[in-house]
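Asks: Quick one, structure for this:
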Amino acid sequence: MDIDYQKIPLVFNVCKPVGMSSFDVVHHFKKNLNFNFGKIGHFGTLDPFAEGVLLIGIQGAQKLNDYVHELLPKTYRAKGVFGGKTITGDLTSPVTITKDIALEWQNKTKEELEIFLGKNFLGEYWQRPHSVSATKFEGKRLYQHALSGRIIEKDKVKRQIFAFEILNFNYPYLDFVVSVSSGTYVRSLFEEIASLFNGVGALSELERLAIGALGVDESLAQTAWPKKDDLSFPLAKWGIPLNRVLEFNHVYMGHNLTKRYLKGQRIPLADLEVKSSSQLICSENYVWVFNEDGTLLGLGKPVGTSLHAIFNLKLSISLFS
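Replies: Below you'll find the model as predicted:
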């Protein structure tokens, strides 16, 4: 069965340029995609001063925002400068405090720093959300509170740092790549690194290299974004089906089980054969559900001895109801 890309949930891997907000990018796609795609949203804010991968979902894909945040790591390349602290944690705002890191750290090699920082940060990591960030407090973003002169310090939350590599260290500049769990602020991480060296610092550049397996090298550059009244935008090329964004194991159902599943009925796991994904599995707690002809039906969750439907595709419901 051919896929109708104008009817199924899709994700775009978009390369956000420096200077644009995440809202600006979403707004462009909302105004320039030339078909009725329903609701639209992004999977994780990227600051205006940063660039790189921004995932945008349409036609119901945005409903899986929580799964993307929970299950997919994010990889960043950052350039930090020791010696100056700013309210935003980056050099888009004035330096308010100056303090060099200790001389002993200034003279370390990048290999020595990488070993030391790996011991201190890799694995479970407790971080306080940056006071100028999109995290909410009392219904408002922290940066909105900061703009009105109110600096909010929230409690630390548990995050994960999966990998940390220093690309170059030439004091006062530190160029590094880090892979983290969703919700981790690289600005805050660099401030903590500077503090550990008895100094202060701020980021000069930040690029999101990847969310999960979706990398910036394959992202949609601004020159190729859809344009109003241009019907030649290659939706099948740039629209990524959900099962390629979140890699889960999968099950296939015959016609009778398909109708039951799409009605929200629980399916005994004994009636199903779970097949392993050929890619790295995000989680074994969920499975993609397909009809026997390969049509993606939705997302299921094994609970006890049965499979529960937690996300069904509207196109599939119309085809098999």
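Asks: C-alpha from now on. contacts and neighbour counts both.
Replies: Fine.
Asks: so where's the stretch 51-200 of the chain uncertain?
Replies: 129-155 (pLDDT under 70).
Asks: At which residues are the strands of it located?
Replies: Secondary structure of the stretch 51-200 of the chain (DSSP state E, counting those that start in this stretch): strands located at 51-58, 74-86, 95-99, 123-127, 136-137, 140-141, 157-170, 173-180.
Asks: Can you lay out the ones you listed as JSON lines showing distance to Asn312?
Replies: Output for the strands of the stretch 51-200 of the chain, formatted as JSON lines (distance: least, CA to CA, whole Å):
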{"stretch": "strand 51-58", "distance to Asn312": "15"}
{"stretch": "strand 74-86", "distance to Asn312": "27"}
{"stretch": "strand 95-99", "distance to Asn312": "50"}
{"stretch": "strand 123-127", "distance to Asn312": "34"}
{"stretch": "strand 136-137", "distance to Asn312": "30"}
{"stretch": "strand 140-141", "distance to Asn312": "32"}
{"stretch": "strand 157-170", "distance to Asn312": "30"}
{"stretch": "strand 173-180", "distance to Asn312": "30"}
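Asks: Among the ones you listed, show me which one is buried the most.
Replies: strand 51-58 (a mean of 26; mean count of other CA atoms under 10 Å).
Asks: Pairing partners for that one, with directions?
Replies: strand 10-16 (antiparallel), strand 40-42 (antiparallel), strand 201-211 (parallel) (DSSP bridges).
Asks: So which of the strands of the stretch 51-200 of the chain is nearest Lys227?
Replies: With CA to CA as the measure, strand 51-58 is the member of the strands of the stretch 51-200 of the chain nearest Lys227 (16.2 Å).
Asks: neighbours around the nearest residue to Ser276 once chain neighbours are set aside, how many?
Replies: Closest residue to Ser276 apart from its sequence neighbours, by CA to CA, 6 or more residues apart in numbering: Asn249 at 4.7 Å. The number of residues packed near Asn249 is 22, by other CA atoms under 10 Å.
Asks: same question, Glu218
Replies: Going by other CA under 10 Å, the residues that sit close to Glu218 add up to 13.
Asks: Might you report the residue contacts of it?
Replies: Residues in contact with Glu218 (CA atoms under 8 Å, 6 or more residues apart in numbering) are Asn13.
Asks: Residue numbering should commence at 55 henceforth.
Replies: I'll keep to 55 as the first residue from here, and by that count the last item is Glu272.
Asks: ok, the residue nearest to Ser330 - contacts?
Replies: 328-331, 335, 338, 340-342.
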